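> Predicted model follows, preceded by the sequence.
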Amino acid sequence: MARYDPEAIYELLPAVYRQRDAERGHALRDLIRILAAQSSRVEEGIAQLYRDGFIETCDPAMVAYIGDLIGVRPGAGGQLGSRAEVANTLGYRRRKGTLAVIEQLARDITGCPARAVEYFQLLCTQQDLNHQRPWNAATPDLRDGEALARLGGPFERTAHLLDVREIDSDAGRYNVRNLGIFLWQTRAYELRRSLAHAVPDGTGRHFTFDALGVDRPLFRRPEPVAAPFALSGEAQVPAPIRRQRMHAELGDLYGLDASVAVWDGEALIPPDQVAVCDLSGWLRGVPAGRQVAIDPVLGRIAFAAAPASAVRVLHHYGFGADIGAGPHHRDLDPFTSADAVIRVGGDPAQAAEPGGTRFATLTEALAAWSNAAPDARPGVIQIDDNGTYREDLPAIQLPTRARLRVRAASGCRPVLVLGQAWQIGGGSDSGLALDGLLIAGPGIQVTDRIDSLEIGHCTFVPGRRLDAAGAPLEPGATSIEVRATTATVHVRHSIVGPIRTALDTVLRIEDSIIDASDRSAPALRGIIEGAPAGACALLRATVLGAVVVDELRATDTLFMGPVQAMRRQAGCLRFCHVPPGSIVPRRLRCVPEVPATASPETQRRLAIAARPRFVSVRYGDADYGQLLQRAPDAIRRGAEDEGEMGAYASLRRVQREDALRERLNEYLRLGMQAGIHWEHNDER
């Protein structure tokens, strides 16, 4: 941006004018400042007019106008397309009717990895000698484990008999005119140099990639598509790594800049010392001549001999959105100076960096914060790595008007394992904010008045602790407990267990999952057993459990357990799923819509027909909390924006799917019919 420095312009004036201006209160200097600011705006406007002539640099508001110039027709919702779609439209038209353009179109419109499949290539038919398909055998090879693992998926090569059902029904696929488009909502999140969990079996040789000791599959880091309009392969999508695949491609999947790596202390274990094995039950040992064995399906590590130092790993896990703790990019407060940050963990070599002190544990950092002088007390404690901190945090008392933020650095996901509940107290106008932390154990407990408690991009493990299979060990146990008067508790983009609050606390939940683990246990309730929580407002949330609150407002929310609001004359539920038998305030466009005069059998059938269907409701699964594509339309299209209800509503998956369907009509070959399938890791 061109800028005119008013001080430099003022200095160009003769000294006599500046002297007289100073005698008259600097009116001329103030005028020059105004003229310089307006000149900068005019020049920036001229520069923007030039940039608006190009789709790559134009203002977002100009994308629709450029699209209209080249004839991009309005899609779903009347929008004229995304920047990528408009930029590639001419390329689409030059390649109209090809498989490559269908796949590229799907990627550009939905923003998701995509794979297009022509099903006539997979039909069991007699082949023309001029168009041979050697992979298309009449019967599958039962000795080919890779081919069997791909069966029914987007990368299969197994021949099928003709299927006459419609592909839009998600039932029929294998027909001459059918084309399938597979989309991946799941993303692969990288955790670099996180601490592996030592399995307590007495051997000292067994570890899990997951910091909580849970068996979870490792995901491949997707590589960029080789070139525009190139077809995707398995390397370009975020999918779980199979054992056979990793064994065959160990050189590509293992290493510093790959999908998986293992360190013994500071020493990276070389690929020639790594074996890929099935470590189910830990029965198989490490092959002779190798230092370590990896099971990518279970996320397990076995050493030939006990490692000399702490085991750190690089791996990728799968999840559907930036909900809960994760190595997400966070825009840290630019107004927080380095001197106002206390740092925890990270590279010890960074301890001498300007501003702030570095500690090894969060307990030490909290003690330093508490002991600091009130006027010099830092406002932020930042954890700079993906480490695991097993601590009993001391109770802290926030002074009057003090604000403390405990956050993870951008790109990090530290794990905090608590032995006891972290107790928080404070004076008036004080507040605590947690950002980017994965917390296992008893959670936090507010024992004294504070003004606000903010939970952003955090995960409080439902059930507090998990066994190796991922099942909660304390289902229904509370994650957040607010015993004292608190003005507001704000939970956003998070996954938490049950919440208990005082009656005069205001609870606000946005884009989050509240999971009671035990479906019969309440997810939201008051401190006293059977008493209600305070006033509660939910926006785009999924609540897996019962709700008992004083006053309730909700929009685009899925309630999976009975709901009870004490004050029915206040509040409102809009575009929500509310189970039958709930006692709630007035409703607007909620499901199921059960007439009051309907018989009990009719009410039961309507409730079953409108009940949400999830890919998985077990915390830790890659598709946790996601709705099935076969979920009722009243749920998938019942939100305020005609999209899906629940915690993933802001992704607008249904709207992107509809926009793709409308665009396909222009680019499909005559007679072809396309079906869109969201690829889930736990559905098949």
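Perfect, I can see it now.

> going forward, measure contacts and count neighbours with C-alpha atoms only.
Will do.

> give me the low-pLDDT residue ranges for this protein?
1-3, 74-81, 169-170, 332-339, 347-356, 375-376, 596, 681-684 (pLDDT under 70).

> how's it carved up into domains?
Under the assignment automatic domain parsing, the domains of the chain span 6-51, 187-319, 338-497.

> First-to-last residue distance for the shortest one?
Right, the one you point to is domain 6-51. Terminal residues of domain 6-51 are spaced 26 Å apart (C-alpha to C-alpha, to the nearest Å).

> Tell me which of the domains of the chain lies nearest to Gly97.
In terms of C-alpha to C-alpha, the element of the domains of the chain nearest to Gly97 is domain 187-319, at 12.4 Å.

> chain center to the closest one: distance?
22 Å (C-alpha atoms, centre = their mean, to the nearest Å).

> Show me what the longest helix seen in the chain is packed against.
Once the chain is assigned using DSSP state H, the helix that runs over the most residues is helix 27-51. Packing partners of helix 27-51 (3 or more C-alpha pairs under 8 Å, 6 or more residues apart in numbering; DSSP states H and E): helix 6-11, helix 15-23.

> if you set the cut-off to 7 Å instead, what comes out?
Counting contacts by 3 or more C-alpha pairs under 7 Å, 6 or more residues apart in numbering; DSSP states H and E, helix 27-51 packs against helix 6-11.

> next one: the helix it packs on to chain centre, how far?
With C-alpha atoms, centre = their mean, you get 49 Å for helix 6-11.

> hang on, the earlier thing: would you mind getting the angle between the longest helix of the chain and helix 15-23?
For helix 27-51 against helix 15-23, the angle between stretch directions is 110 degrees (axes from the mean of the first three to the mean of the last three C-alpha atoms, to 10 degrees).

> that older thread, with mean neighbour count and distance to Leu588 as new columns, can the domains of the chain be given to me in JSON lines?
Shown next, in JSON lines, are the domains of the chain (neighbours: other C-alpha atoms under 10 Å; distance: least, C-alpha to C-alpha, whole Å):
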{"stretch": "domain 6-51", "mean neighbour count": "13", "distance to Leu588": "44"}
{"stretch": "domain 187-319", "mean neighbour count": "19", "distance to Leu588": "32"}
{"stretch": "domain 338-497", "mean neighbour count": "20", "distance to Leu588": "24"}
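
> For those, please prepare TSV with the additional fields distance to Asp556.
TSV is the format used below for the domains of the chain (distance: least, C-alpha to C-alpha, whole Å):
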stretch	distance to Asp556
domain 6-51	38
domain 187-319	21
domain 338-497	15
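
> Show me the one of those domains that comes nearest Pro134.
domain 187-319 (18.7 Å).

> measure that closest one end to end?
5 Å.

> in terms of contact, does Asp467 touch Val214 like I think?
Yes. Contact criterion C-alpha atoms under 7 Å: Asp467 and Val214 qualify, at 6.5 Å.

> Tell me which helix or strand the nearest residue to Ile396 once chain neighbours are set aside sits in.
Distances taken as C-alpha to C-alpha, 6 or more residues apart in numbering put Ile424 closest to Ile396, at 5.4 Å, once the chain neighbours are dropped. Ile424 belongs to strand 422-426 when assigned by DSSP states H and E.

> cool, and Ala293?
In the assignment (DSSP H and E), Ala293 maps to strand 292-295.

> For that strand, name the packing helices and strands.
Packed next to strand 292-295, using 3+ C-alpha pairs under 7 Å, 6+ apart, are strand 274-276, strand 300-303.

> now with 10 Å?
strand 206-208, helix 243-248, strand 261-264, strand 274-276, strand 300-303 (3 or more C-alpha pairs under 10 Å, 6 or more residues apart in numbering; DSSP states H and E).

> contacts for the second one?
Judged by C-alpha atoms under 10 Å, 6 or more residues apart in numbering, the contacts made with helix 243-248 from elsewhere in the structure are 145-146, 149, 220, 234, 249-250, 252-254, 260, 274-278, 294-298.

> Dump it to PDB, keeping only the CA atoms.
Output of helix 243-248 as PDB, limited to C-alpha atoms (Å, rounded to 0.1, in the frame of the first residue of the first chain):
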ATOM      1  CA  ARG A 243      -0.100 -52.100   7.100                       C
ATOM      2  CA  GLN A 244       0.600 -53.500   3.600                       C
ATOM      3  CA  ARG A 245       0.700 -50.000   2.200                       C
ATOM      4  CA  MET A 246       3.200 -48.700   4.700                       C
ATOM      5  CA  HIS A 247       5.400 -51.800   4.300                       C
ATOM      6  CA  ALA A 248       5.500 -51.200   0.500                       C
END
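
> Report the next helix or strand after that helix in sequence order.
helix 250-253.

> can you check the last one too?
From strand 300-303 onward toward the C-terminus, using DSSP H and E, the following helix or strand is strand 311-319.

> what are the pairing partners of that next one, and which direction each?
Sheet partners assigned to strand 311-319 using DSSP bridges are listed as strand 187-195 (antiparallel), strand 261-264 (antiparallel).

> Looking at these, spot the one closest to Glu481.
strand 187-195 (29.0 Å).

> What is the subsequent helix or strand relative to the closest one?
That would be, after strand 187-195 and using DSSP H and E, strand 197-198.

> if we can go back for a sec, which residues are contacting the strand holding Ile424?
391-403, 431-432, 441-451, 453, 480-482, 484, 486.

> Return the set of residues that bridge with Gln564.
Bridge pairing for Gln564 - DSSP bridges - gives Val548, Ile583.
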